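>>> Sequence first, then the predicted structure:
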Amino acid sequence: MIEKTGVDLPFTAFYTSLGVGTTGLTVTVDVFCNGSIIVTAAAASEAGDGLYTYTLAGASNTVEGVYAAVFKTATTTVDQPHLAGAWFVGKAGIEYLDASIAAVPTAAEIDTQLSGTHGAGTWGGGGSLGAGSISTTVTVDDGVNPIDGVDVWVSTDSAGTNVIARGSTGALGTVVFMLDAGTYYAWKQLAGYDFTNPQSFTVS
């Protein structure tokens, strides 16, 4: 079994006689950490039906490694007088946090990183509605009804390598971009829909 440091470690042993759980035993426990004994002859508790338990307090579980408990009884009528159990203990979560943690990247830093891989564009924060001066509305519908939640992005080229704006449609099936005058290409995506991409449009 696996656990983290600083947590109580419950050990259990099941004593039987001719295969049947044995009650009323006096059971002691030795606990070892990485081969060195740290608890000697501690009293185990009887849970019932042949099950005996011992819990190593979290304050004694401070080192990574293997914690093994050996349950012992002097009774000779049990099938096996010594029974063992083990925990593998390690640190949980993120380790080595002594170094300073870098700040969350800005939208501009995200743009620079992704543009270097995917072509120039505005990527930061999941999409930008553009940096132009002309308000331009893109409408998406199924021929009758507007479609909400469509991912729409705008590029300056038909290959879609230079993305300059990105957004999602609202309940009216529209998204407004701020673009400069020129010819652009709109790309649309939403699960369950098959859009024609790209569609060119002109801003003037």
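Great, that's in hand.

>>> Okay, and the nearest residue to S45 once chain neighbours are set aside sits in which element?
Excluding its sequence neighbours, the residue lying closest to S45 (CB to CB, 6 or more residues apart in numbering) is T53, at 5.2 Å. Every residue, glycine included, has its C-beta placed from N, CA and C. Per DSSP states H and E: T53 is located in strand 51-56.

>>> can you list contacts of whichever helix or strand comes after that strand?
Downstream of strand 51-56, the first helix or strand assigned by DSSP H and E is strand 65-73. Residues outside strand 65-73 that contact it (CB atoms under 8 Å, 6 or more residues apart in numbering): 9, 11, 13, 15, 25-35, 39, 41, 44, 52, 54, 56, 61, 81-89.

>>> switch the cut-off to 7 Å
The contact list for strand 65-73 (CB atoms under 7 Å, 6 or more residues apart in numbering) reads 9, 11, 13, 15, 25-34, 44, 52, 54, 56, 61, 81-89.

>>> what's near enough to touch the residue nearest to G182 when sequence neighbours are not counted?
Nearest non-adjacent residue to G182, counting by CB to CB, 6+ apart: V203, 6.0 Å away. Contact analysis of V203 by CB under 7 Å, 6+ apart lists I134, T136, L179, D180, A181, G182, Y184.

>>> Any chance of the residues you listed in CSV with secondary structure and pLDDT as columns?
Below are the contacts of V203 laid out as CSV (DSSP: H, G, I helix; E, B strand; the rest coil; pLDDT from 0 to 100):
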residue, secondary structure, pLDDT
I134, strand, 90
T136, strand, 91
L179, strand, 92
D180, coil, 93
A181, coil, 94
G182, strand, 94
Y184, strand, 96
